[in-house]
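1. With the input below, show me the fold.
(4 chains)
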2 protein chains.
Amino acid sequence: MAKGRYHHGDLRSALLDAAEALVRERGTDGWSLREASARVGVSPSAAYHHFASRDTLVRALSERTLAWLGERLRQDCERAPGRQDDPQRRLIALGRSYVSWSLDDPAVARLVLRGGATAPDSAISPHPHDVLTAELDRLAGAGALPEPAREGAEFVVWAALHGLAVLLADGLVRFDDPHAVDLQTERVVRTTLNGLAQEASHAAGRPAGRSAHTERLARRSGG
Amino acid sequence: MAKGRYHHGDLRSALLDAAEALVRERGTDGWSLREASARVGVSPSAAYHHFASRDTLVRALSERTLAWLGERLRQDCERAPGRQDDPQRRLIALGRSYVSWSLDDPAVARLVLRGGATAPDSAISPHPHDVLTAELDRLAGAGALPEPAREGAEFVVWAALHGLAVLLADGLVRFDDPHAVDLQTERVVRTTLNGLAQEASHAAGRPAGRSAHTERLARRSGG
DNA sequence: CCGGTATCTAAACGCTGTTCAGATTGGAGT
DNA sequence: ACTCCAATCTGAACAGCGTTTAGATACCGG
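-> Have a look, this model is predicted:
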């Protein structure tokens, strides 16, 4: 565990930490396995006793970060300002947390949100997507989200939030005022929820672009 | 221009074509400049007379595809079914085109939509973002999008559509029925527009998460 | 027909991910 | 306390990568 040891102690975590730092400094691909190993003070081949390849290391970092993000989202829902059990406020807090993270740590966010980098069998807990689903259930339970609009609503909200997050992380859109990010996020969440509610009220008149069986879909892996 | 020539004729385009095919086969990074050169029948160093680096080649491909996408979106707006001048139908057609492209050509879409790969000075025409903005103007002009909600509305719609597109391209979400993609896209557009309209009607009562000067933001580069 | 310039080739550089045979170590069983 | 084993790490090696340089080739304006 100390320096100068032949055995490192916790090389796996140390490599993940080094990789995370390198991603922040130079992006997902701007560094080498050799460099991460050297930074930890170990030979390049040592890494292969903990990760099958460089890609596996990157995936593991992605999963670790995704689980961390899920926990962060869950906590920020609890810490939502105002009446603590206002489900809409909670969802806005979730959205703010998601989006502000992607802006504050864009390089890591780019890596994680791209999600092709998570192993199919990985059991991330709590998964950000599950946290979002739980909040929508809470919203529906409180009557704020009419039942006919509940089905598949997570994909509408998720798409909107995820879109904003990746647009910011990729630098495709920029806000002059950092506070404007929160406002825009809140607007996206409110707009989406309002739209979903209105869709339900219109549903009787004409069928919306939605039906029970055509919307069956499966989440796959990432954030 | 023919085979066996010492001078290729249009090596630049040929390299872009080869890169595009390789991206489809093995993703953005699953191929080498050397391989693209070999496929075109040219030595690796020949590429450097047309592109400063491998990265420059990839960026050029991204820009070429982005311009192609802009043209496609514009055309699909015109070809919108139903009353041709129904601005909402046009926007739905745009959304469908954007999203279905990202699903039909996911590898190239991943490359293009991550947008960090477009040069800052590139003049892409027509830029997808500009096509979207034009359609929202049309919508506002027809009175379908109330004026107070118009400002910054493109970022709400863009975020929702872009989010859905990247979720599909990255495989983070999958639809069993291909037709469900269109339905979900239409739902996202409708929901967003409904929400924006409702936001405007509520705006008098309580201020929405939006204000004129905090929303000033600047587009940067990609799609 | 000539000369210049754009285009392409061949060889080389340092670096990469990855593999493999062998050295080192901590810990479990006696 | 000692032994042995499995886990861990090293060092050297491999092919392939992006990129650079010096030089060959071929098109085009005069």
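
2. Could I get the full set of helices for chain A?
-> For chain A, helices defined by DSSP state H occupy the ranges A:11-26, A:33-40, A:54-78, A:87-104, A:106-113, A:128-141, A:147-150, A:153-169, A:178-202.

3. Could you identify which of those is most buried?
-> Per residue and on average, the most neighbours among the helices of chain A fall to helix A:153-169, with a mean of 26 (mean count of other Cβ atoms under 10 Å in any protein chain shown). From N, CA and C alone the C-beta is placed, and that goes for glycine too.

4. Show me the domain layout of chain A.
-> Annotated domains of chain A cover A:1-51, A:63-202 [automatic domain parsing].

5. got the end-to-end distance for the last one?
-> From the first residue to the last, domain A:63-202 extends over 41 Å; the measure is Cα to Cα, to the nearest Å.

6. and it, how far out from the chain's middle?
-> 8 Å (Cα atoms, centre = their mean, to the nearest Å).

7. quick one: contacts for the residue nearest to residue A:35 when sequence neighbours are not counted?
-> Leaving aside its sequence neighbours, residue A:35 sits nearest to residue A:22 (Cβ to Cβ, 6 or more residues apart in numbering or on different chains; 6.7 Å). Taking Cβ atoms under 8 Å, 6 or more residues apart in numbering or on different chains as the contact definition, residue A:22 lies against A:30, A:31, A:35, A:36, A:39.

8. and chain A, which of its residues are near DNA strand C?
-> A:5-7, A:32-35, A:44-45, A:48, A:53-55 (Cβ under 7 Å from any atom of the strand).

9. In CSV: those residues, plus distance to DNA strand D and pLDDT.
-> Formatted as CSV, those follow (distance: Cβ to the nearest atom of the strand, whole Å; pLDDT from 0 to 100):
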residue, distance to DNA strand D, pLDDT
A:5, 8, 76
A:6, 5, 69
A:7, 4, 74
A:32, 10, 98
A:33, 11, 98
A:34, 9, 98
A:35, 14, 98
A:44, 6, 97
A:45, 3, 98
A:48, 7, 98
A:53, 14, 98
A:54, 13, 98
A:55, 15, 96
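
10. where are the low-confidence patches of chain A?
-> Per-residue confidence for chain A (pLDDT under 70) gives these ranges: A:1-4, A:6, A:84, A:117-120, A:203-223.

11. how about the residues of it that lie near DNA strand D?
-> Counting by Cβ under 7 Å from any atom of the strand, the residues of chain A that sit close to DNA strand D are A:6-9, A:11, A:41-46, A:49-50.

12. Give the full set of residues in contact with the closest residue to chain B within chain A.
-> Using Cβ to the nearest Cβ, the single residue of chain A nearest to chain B is residue A:163, 2.5 Å away. Counting by Cβ under 8 Å, 6+ apart, residue A:163 touches B:158, B:159, B:160, B:161, B:162, B:163, B:164, B:165, B:166.

13. returning to that earlier point: looking at the domains of chain A, which is closest to residue B:135?
-> domain A:63-202 (17.0 Å; Cβ to Cβ).

14. Quick one, which of the residues of chain A next to DNA strand D are buried?
-> A:8, A:11, A:42, A:50 (16 or more other Cβ atoms under 10 Å in any protein chain shown).

15. ok, so what distance separates the closest residue in space to the second one that isn't next to it in sequence from residue B:155?
-> Once its chain neighbours are removed from consideration, residue A:11 has its nearest residue in residue A:50; the separation is 5.9 Å (Cβ to Cβ, 6+ apart). Taking Cβ to Cβ, to the nearest Å as the criterion, residue A:50 is separated from residue B:155 by 42 Å.
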